[in-house]
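Peer 1: Got a sequence here, can you model it:
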Amino acid sequence: MYTIKQEELSEKAYKAIKDLILQGELTSGEKLNQEGLAKRLGISRTPLLSAFAKLEKEMLVELIPRRGARVKKLSRKEYIDLYDLRLRLEPLGASEATQRKTREGIKEIERYLSLFEAVVMGRSKERFLEVDYRFHMAVMKMSQNEMLYRMISAFNIVLISNFNGLLKEPDESLREHKALAEAIKSGDAPLAEKIMYEHIAGARANLLLKEDW
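Peer 2: Below is the predicted model:
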């Protein structure tokens, strides 16, 4: 019973910390205060450390010997590598989502598109990271390509690639998300693939221009 309880608390901590990263409350490179997090989540340090270990496997947290843990901080090369992966994987997902779309999947994409628009209109930058992630993952989920979805979700490729902030103006991202959603709904797989590729390629190009690392 004790072991099961510890596992449940560890899962609770894992989900809570991941949500804090998604919502921008914990940022790239930020040290994770074990005592503060344990108190905030109402758990001991044992399940918290188990959660850190799981988050490390998902590339969201770094465990540093004798120094504790921090939110993953990527190098410039690692960011570029992630965008190169996205350029190859997500256009495929968009194409397959178009071919295998379902009513439920379309509703989910439209829901996150509406949330993204609300965030853009409200200029609430704190939620950009989360709603962008949710939208992209909804598209990948609808591809029904289980291997593709697991590769992207297990290593948090979309989430981590935005750790340094979204690389496009909110209005531009919104227009591209809308165009992608329309292509998927209309069943135009080549167009959906093209829009997704150009969407990510544009972000990658902006990444290469950034100097503040």
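
Peer 1: If you count neighbours, what's buried in the lowest-mean-pLDDT helix or strand in the chain?
Peer 2: Ranked by mean pLDDT, DSSP states H and E, the weakest helix or strand in the chain is helix 2-22, scoring a mean of 80. By neighbour count on 16 or more other Cβ atoms under 10 Å, the buried set for helix 2-22 is 9-10, 12-14, 16-18, 20-22. C-beta here means a position set from N, CA and C on the backbone, and glycine is covered the same way.

Peer 1: which is the next helix or strand following that helix?
Peer 2: Note on helix 2-22: by DSSP states H and E, the next helix or strand toward the C-terminus is strand 31-32.

Peer 1: and the angle from the very next helix or strand once past that following strand to helix 2-22?
Peer 2: Moving toward the C-terminus from strand 31-32, the next helix or strand (DSSP H and E) is helix 34-41. Counting by axes from the mean of the first three to the mean of the last three Cα atoms, to 10 degrees, helix 34-41 lies at 100 degrees to helix 2-22.

Peer 1: Now helix 34-41: average pLDDT?
Peer 2: In this model, helix 34-41 has an average pLDDT of 91.

Peer 1: care to break the protein down by domain?
Peer 2: The record's domain parsing of the chain by automatic domain parsing lists 2-71, 76-209.

Peer 1: Report the secondary structure state of residue 130.
Peer 2: Here residue 130 is recorded as helix under DSSP: H, G, I helix; E, B strand; the rest coil.

Peer 1: who are the neighbours in contact with the spatially closest residue to it that is not a sequence neighbour?
Peer 2: Using Cβ to Cβ, 6 or more residues apart in numbering and skipping the chain neighbours, the partner closest in space to residue 130 is residue 22 (4.5 Å). Residues counted as contacts of residue 22 (Cβ atoms under 8 Å, 6 or more residues apart in numbering) are 129-130, 133, 159.

Peer 1: quick one: which of these is nearest to residue 176?
Peer 2: Set against residue 176, the nearest of these by Cβ to Cβ is residue 133 (15.2 Å).

Peer 1: Secondary structure element for the spatially most central residue of the chain, which one?
Peer 2: When Cα atoms, centre = their mean is applied to the chain, the residue found nearest the centroid is residue 159 (2.4 Å). Using DSSP H and E, residue 159 falls within helix 157-161.

Peer 1: Residue 62 - that's part of a strand, no?
Peer 2: Yes: assignment of residue 62 by three-state DSSP places it within a strand.

Peer 1: Can you name every helix or strand that the longest helix anywhere in the chain contacts?
Peer 2: Using DSSP state H to define each element, the chain has its longest helix at helix 76-99. Helix 76-99 sits against helix 128-142, helix 146-154, helix 157-161, helix 170-186, helix 189-209, with contacts defined as 3 or more Cβ pairs under 8 Å, 6 or more residues apart in numbering; DSSP states H and E.

Peer 1: Looking at those, spot the one closest to residue 67.
Peer 2: Nearest of these (Cβ to Cβ): helix 157-161, 20.8 Å.
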